[in-house]
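Enquirer: generate a structure from the sequence data that follows.
(2 chains)
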2 protein chains.
Amino acid sequence: MLPSAAVALNILFASETEDPGAWLPRLQSALPKDRFFTSPRDDIDVALVATPPAGTFRQLKRLKLVQSLWMGVERLLADPEFPRGVPLARLVDPGMVAAMSESVLAHVLDWHRHHYYYRSQQKERRWHRLKQFLASDRTIGLLGLGELGSDAARRIGALGFNLVGWSRRPKALPGVECLTDLDAVLEKSDVVVCLLPLTAQTRGILNARTLRKIRLGGAVINVARGGHLVPDDLIATLDDGRLAHAYLDVFEHEPLSHEHPLWTHPGITITPHSAALTEPRTAMPGIVENVERLRRGEPPLNRVDLDAGY
Amino acid sequence: MLPSAAVALNILFASETEDPGAWLPRLQSALPKDRFFTSPRDDIDVALVATPPAGTFRQLKRLKLVQSLWMGVERLLADPEFPRGVPLARLVDPGMVAAMSESVLAHVLDWHRHHYYYRSQQKERRWHRLKQFLASDRTIGLLGLGELGSDAARRIGALGFNLVGWSRRPKALPGVECLTDLDAVLEKSDVVVCLLPLTAQTRGILNARTLRKIRLGGAVINVARGGHLVPDDLIATLDDGRLAHAYLDVFEHEPLSHEHPLWTHPGITITPHSAALTEPRTAMPGIVENVERLRRGEPPLNRVDLDAGY
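Expert: Numbering: from 1, shown residues only, chains lettered A, B, ... in the order given. As a prediction, the model looks like this:
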């Protein structure tokens, strides 16, 4: 039975990575009727989770909603203890979406303005200017046209770049040539930006075959999940001179191990899974909305389709 | 006497840096009535110049217009042979303006998203994530609110950054707190972007006193002229930890000499005066307009005030 509108809910905050000090005071102030806990109990109604401690779900006997604190939920879905009968909502946080677009734009412009090249020249104290291109000479390919892809498209397009986008299902976005044929997108793109959810269909999507379809001298930006990219295939494509540079924010195993060859490759810029972090300040309205929807007996927004995986 | 509308003009293209092959076919096609030359003659009406060979102006006896191929004209004005009685027009090239905004935005985002820091971490194969800020947590200060400053403001502001701007004369720009008090601008700014013309008043404007007024941990971006910045003062301000990073595109002597300490400072990113190059494709309409204005006996657009120096 769903709780009535007057009922206070028991809400668990469970994360080994998010700082409770940044979240709990804001949550308590935004949801003053409800009770918050940081350890599992059998009377928890809502679990707010990002990398919850092992065994968390086992103890939640009357759970009615799992609200992820992250946009990506593939780790939750891979947990055999995840309660698949309970609705799961992804977090769509406007601050995190803006952060992602900033990071993608920073990398697109770094490549477009040859800054990666000028940094390698600076190491040799060499003054050598490359040919300038206009944004309208370049095509940026976006893999994934959900909340992240569409916001990035809007901001990249505002600077005059051409845009082409790939999604599994047909989509329409203003200013973006939207295609469901991956090869067609890659062949038109100077830069490919991966913003896909990680699913069985997208794992390893950036591989020897696909990376070679990107236009000569282009770049790849992976800010989605490490599992989208085959690192050895990327290194070979860079070493062949097919691609000029790669920007990697995510890795199969994080932190990236000290011995990993990605760290030292001159054609690769590494950031420590920092492209876009959830912002408690901007995430609060979406979480509050889903808690209030549960209280009213309504399904959550941004509910994950467990079969699709996002 | 000014030529009548039917008269063909003799136009000199004089530059030791711009590629005539990129300019002359476009000029001839856009101004089919006129005659183009690449060596000085005494019957030249219009000189299109960017770093003209020494002695160029001496031979131009009936010159009626000097059209710079660059936006900055301080080198022309410093040439004792420059004919100060002839109208001089700066080039306002929309492609060059867009390029400048792209470069400035690339550097602002590089600092905002901590990419300069993550690159230093990558050298040590160290995975360490810094606190994320929202664009609305940051204030970007623009020195110079002309064509370049106002376009950069529009594009930086579109991402949600706060903007403050300095100009000698009072200005009003939407979304920018415009001030004529330099110290007030510096004290409010996390990042200071120099887009000023180089004049007697702006030479050395980025010095030990002013750089220390920028907010702690901030950055400076100099994409205007080398003479705006005192390099030793910048190095001291970085070494003190007052500023986190500097992005320098321009230098007093270019190319920057192999021995210069700016090349190897870990807090400095160097680009080879590549932030914004004139684009013959997009510059053509402004040049054609000024040639046609001369033909009609009208003063040129973007005429330089020789006393102000821009």
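Enquirer: residue boundaries of the helices in chain A?
Expert: A:20-30, A:74-78, A:94-112, A:115-123, A:147-157, A:182-188, A:208-211, A:231-239, A:280-295 (DSSP state H).
Enquirer: export these to a markdown table and tack on mean pLDDT and mean neighbour count?
Expert: All C-beta spots, glycine's among them, are computed from the backbone N, C-alpha and C. Below are those laid out as a markdown table (pLDDT from 0 to 100; neighbours: other Cβ atoms under 10 Å in any protein chain shown):
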| stretch | mean pLDDT | mean neighbour count |
| --- | --- | --- |
| helix A:20-30 | 96 | 14 |
| helix A:74-78 | 94 | 16 |
| helix A:94-112 | 98 | 24 |
| helix A:115-123 | 98 | 18 |
| helix A:147-157 | 98 | 22 |
| helix A:182-188 | 98 | 18 |
| helix A:208-211 | 98 | 17 |
| helix A:231-239 | 98 | 17 |
| helix A:280-295 | 97 | 19 |
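Enquirer: and the ones you listed: which comes nearest B:Lys213?
Expert: helix A:94-112 (26.1 Å; Cβ to Cβ).
Enquirer: next, the angle from the closest one to helix B:115-123.
Expert: 70 degrees (axes from the mean of the first three to the mean of the last three Cα atoms, to 10 degrees).
Enquirer: ok, A:Arg168 - contacts?
Expert: A:180, A:201 (Cβ atoms under 8 Å, 6 or more residues apart in numbering or on different chains).
Enquirer: CSV for the helices of chain A, including distance to B:Pro231?
Expert: Listed next are the helices of chain A as CSV, based on distance: least, Cβ to Cβ, whole Å:
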stretch, distance to B:Pro231
helix A:20-30, 40
helix A:74-78, 49
helix A:94-112, 24
helix A:115-123, 15
helix A:147-157, 34
helix A:182-188, 44
helix A:208-211, 41
helix A:231-239, 34
helix A:280-295, 39
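Enquirer: so which of those helices comes closest to chain B?
Expert: Ranking these by distance to chain B, with Cβ to the nearest Cβ as the measure, places helix A:94-112 first at 3.7 Å.
Enquirer: how far does the closest one sit from its chain's centre?
Expert: Remark: helix A:94-112 is offset 12 Å from the chain centroid, using Cα atoms, centre = their mean, to the nearest Å.
Enquirer: can it be found next to chain B?
Expert: Yes - shown here: helix A:94-112 in contact with chain B (Cβ under 8 Å from any Cβ of the partner chain) through A:95, A:98-99, A:101-103, A:105-106, A:109-110, A:112.
Enquirer: and B:Arg209, which of the helices of chain A is closest to it?
Expert: Comparing these by Cβ to Cβ, helix A:115-123 comes nearest, at 27.8 Å.
Enquirer: which ones are touching A:Ser68?
Expert: A:49-50, A:76, A:88-91, A:304.
Enquirer: residues in contact with the residue nearest the centre of chain A?
Expert: Central residue check for chain A by Cα atoms, centre = their mean: the C-alpha nearest the mean position is that of A:Ala224, 4.3 Å away. The contact partners of A:Ala224, by Cβ under 8 Å, 6+ apart, come to A:72, A:143-144, A:194-198, A:250.
Enquirer: let's see 7 Å
Expert: Taking Cβ atoms under 7 Å, 6 or more residues apart in numbering or on different chains, we find A:Ala224 in contact with A:144, A:194-196, A:198, A:250.
Enquirer: then A:Asp110?
Expert: With Cβ under 7 Å, 6+ apart, A:Asp110 has these contacts: A:116, B:106.
Enquirer: near chain B at all, stretch A:263-280?
Expert: Yes - interface with chain B: stretch A:263-280 contributes A:263, A:269-274, A:277, A:279 (Cβ under 7 Å from any Cβ of the partner chain).
Enquirer: end to end on stretch A:217-232, go ahead and measure it.
Expert: 18 Å (Cα to Cα, to the nearest Å).
Enquirer: next, the buried residues of it.
Expert: Neighbour-count burial for stretch A:217-232, counted by 16 or more other Cβ atoms under 10 Å in any protein chain shown, picks out A:218-231.
Enquirer: which two among those are spaced furthest apart?
Expert: A:Gly218 and A:Gly227 (22.0 Å).
Enquirer: can you give me the distance of the residue nearest to A:Leu206 when sequence neighbours are not counted to chain B?
Expert: Of all residues not flanking A:Leu206 in the chain, A:Leu229 sits nearest, at 4.2 Å (Cβ to Cβ, 6 or more residues apart in numbering or on different chains). Remark: distance between A:Leu229 and chain B (Cβ to the nearest Cβ, to the nearest Å) = 17 Å.
Enquirer: and if you look at A:Arg62?
Expert: 35 Å.
Enquirer: that residue: what's it in contact with?
Expert: A:42-43, A:45.
Enquirer: try it again at 8 Å.
Expert: A:42-45.
Enquirer: among the contacts of A:Ser68, which are in strands?
Expert: Judged by DSSP state E, strands contain the following of the contacts of A:Ser68: A:49-50, A:88-89.
Enquirer: which one (most neighbours) among those residues?
Expert: Using other Cβ atoms under 10 Å in any protein chain shown as the neighbour criterion, A:Val49 leads the ones in strands among the contacts of A:Ser68 with 26 neighbours.
Enquirer: report the beta-bridge partners for that one.
Expert: Counting by DSSP bridges, A:Val49 forms beta bridges with A:Ala14, A:Ser68.
Enquirer: cool, thanks, signing off.
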